[in-house]
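Trainee: coords please:
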Amino acid sequence: MRYKTVLFDLDGTLFDTSEGLFAYTVQIVKQYGLGTPTSEQLKKTIGPFLRDSFRDLFGAKEEMLDPMMADFYKGYNQNGYQMSTIYPDIEKLLQSLHAQGVTIGVATLKQDEAANKMMDYFGLRPYLSAVCGASDDDSVSTKADVIRLALKQLGNPAPHTVLLVGDSANDALGAKACGLDFLAVTYGFGFHCAQDAAVFGPVFTASSAQEVLDFLTQ
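Mentor: So this is what the prediction gives:
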């Protein structure tokens, strides 16, 4: 197999997390008097660092960000993450790669605690050697940050042996910043077709988890 290590994005790649994320985002934005989020605004919150979304999409002031993040994850980490849905064939994909000796990790801008809770709750932990998410502050707040953190936990494998799988431009740019190959998926929230991803030069574009597996095992 060409890649010895495969890193996966979480939101829009492993899981459809929209129900829980949207519900708690609406609650917090309204709680802090920032109006009612539109459906288009909510769609834009999936993928980026949530702290940035509160500021850039909803106009939260800097002094509001820490308490907003704390209040959001107080609720989301209780049951919001449980409202997620694993995409079809994701567990089959992880099982197959793991059985073939591939080292698997997750690199996500979802808060680290929430990401780890999800892996345990949905039973994916046995396949994973690292699960790395964003910090509550801005110390780990870019895709490149979480990718580098995951690579460090995995013993810093040679970049040419590592693939990042993700659904957005954010993922593609993070992979590029870390010198990794990028595989785009179009079933999530970012890319909707191969043409959307083409500008980022992915090694492959998949419309399903099965296509990801087929590419990696061909």
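
Trainee: which secondary structure elements does the host helix or strand of residue 51 contact?
Mentor: Element membership of residue 51, judged by DSSP states H and E, is helix 50-56. For helix 50-56, the elements it packs on are helix 18-31, helix 62-76, strand 103-111, judged by 3 or more Cβ pairs under 8 Å, 6 or more residues apart in numbering; DSSP states H and E. (Glycine included, C-beta is placed from N, CA and C.)

Trainee: For that helix, buried residues please.
Mentor: Buried residues in helix 50-56, counted by 16 or more other Cβ atoms under 10 Å: 50, 51, 52, 53, 54, 55.

Trainee: TSV for the residues you listed, including distance to residue 109?
Mentor: Shown next, in TSV, are the buried residues of helix 50-56 (distance: Cβ to Cβ, whole Å):
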residue	distance to residue 109
50	8
51	10
52	9
53	10
54	13
55	14
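
Trainee: Now do the strands in this protein.
Mentor: Assigned by DSSP state E, the chain shows strands spanning 5-8, 15-16, 85-86, 103-111, 130-134, 162-166, 181-185, 204-206.

Trainee: Domain map for the protein?
Mentor: The chain resolves into domains spanning 5-16+84-217, 18-82 when parsed by automatic domain parsing.

Trainee: Could you look over the ones you listed and pick the most buried one?
Mentor: When you average the neighbours per residue for each of the domains of the chain (mean count of other Cβ atoms under 10 Å), domain 5-16+84-217 leads with a mean of 19.

Trainee: Next, the distance between the ends of that domain.
Mentor: With Cα to Cα, to the nearest Å as the measure, domain 5-16+84-217 spans 13 Å from end to end.
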